[in-house]
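# got a sequence here, can you build the structure:
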Amino acid sequence: MYSYIRGEIAEVYEDSIVLDNNGMGYLIFMSALDIKKLKGQGETKLIHTYFSVTENAVSLFGFLSREEREMFLLLLKVSGIGPKAALSLLSTMDERDLKYAILSDDEKAISKAPGIGAKSAKRIIVDLKDKIDSSFMSKDLKESLGEDRGVSGGALGDGTDNDAYLALISLGYSSSSAYRAISEVEGRNEMDVSTLLKEALKRLSS
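Residues are numbered from 1 along each chain as shown. Below is the predicted model of the structure:
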């Protein structure tokens, strides 16, 4: 019904905002992560929206990006995942981190969201893994490594980065956490395995 609403933020709550558009206040539920990005009352903002109608409620959910809304809609296709559970997930990790977790079978990271147990986390992975375009993972890695080095099948390429990745896995870190920590190390193509591993561990412990 509503693709987006542009207006001035009139009120900000823990899990929602009131967006004033031409004198009409829209109560929009949003993720905690998105609410933290807002400057507060008086800010003019475009909010991508999803209009939800259930037996018990009529609600409006909002997102700062189309990608986040698309992830929200994918989650709603999973059996047992409703709007509140989907928003809980996006309040725990952003859209890109959630995609990383799904593609790397990281049930532990997904189940950290309130209301999402181990069974639900596994169902999300099984149902959505084939529906997520993994090309963004290659793009992320190429941007930080340089176009002459890449990834294969969503995993880190051969060499120092791959050795450090495997070392983190052996230390008990999840695939998605290890991947992100290594990909965020600047200048790692100049490092040996030991140095890269130390830098990645700093990010995991921060």
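
# my read is residue 114 is in a strand, agree?
No: judged by DSSP: H, G, I helix; E, B strand; the rest coil, residue 114 forms no part of a strand; its state is coil.

# who touches whichever strand or helix holds residue 177?
Counting by DSSP states H and E, the element that carries residue 177 is helix 175-183. Outside helix 175-183, the residues that touch it by Cβ atoms under 8 Å, 6 or more residues apart in numbering are 97, 100-101, 103-106, 109, 137, 140-141, 144, 156, 161, 164-165, 168-169, 173, 188, 196, 200-201, 203-204. Backbone N, C-alpha and C define where each C-beta goes, glycine included.

# now do it, average pLDDT.
On average, the pLDDT along helix 175-183 is 81.

# next structured bit after that helix?
helix 193-205.

# any chance you could map the strands in this structure?
In order along the chain, the chain carries the following strands (DSSP state E): 4-12, 16-21, 24-29, 44-53, 58-63, 151-152, 155-156.

# can you lay out the ones you listed as JSON lines showing mean pLDDT, distance to residue 123 and mean neighbour count?
Shown next, in JSON lines, are the strands of the chain (pLDDT from 0 to 100; distance: least, Cβ to Cβ, whole Å; neighbours: other Cβ atoms under 10 Å):
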{"stretch": "strand 4-12", "mean pLDDT": "97", "distance to residue 123": "30", "mean neighbour count": "15"}
{"stretch": "strand 16-21", "mean pLDDT": "98", "distance to residue 123": "27", "mean neighbour count": "19"}
{"stretch": "strand 24-29", "mean pLDDT": "97", "distance to residue 123": "23", "mean neighbour count": "16"}
{"stretch": "strand 44-53", "mean pLDDT": "96", "distance to residue 123": "20", "mean neighbour count": "16"}
{"stretch": "strand 58-63", "mean pLDDT": "96", "distance to residue 123": "21", "mean neighbour count": "20"}
{"stretch": "strand 151-152", "mean pLDDT": "36", "distance to residue 123": "27", "mean neighbour count": "16"}
{"stretch": "strand 155-156", "mean pLDDT": "47", "distance to residue 123": "24", "mean neighbour count": "20"}
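
# and of the ones you listed, who's closest to residue 77?
strand 44-53 (12.9 Å; Cβ to Cβ).

# just the angle between the closest one and strand 16-21, please?
Interaxial angle, strand 44-53 versus strand 16-21 (axes from the mean of the first three to the mean of the last three Cα atoms, to 10 degrees): 110 degrees.

# tell me what strand 44-53 is packed against?
Here strand 44-53 touches strand 4-12, strand 16-21, strand 58-63, helix 66-76, going by 3 or more Cβ pairs under 8 Å, 6 or more residues apart in numbering; DSSP states H and E.
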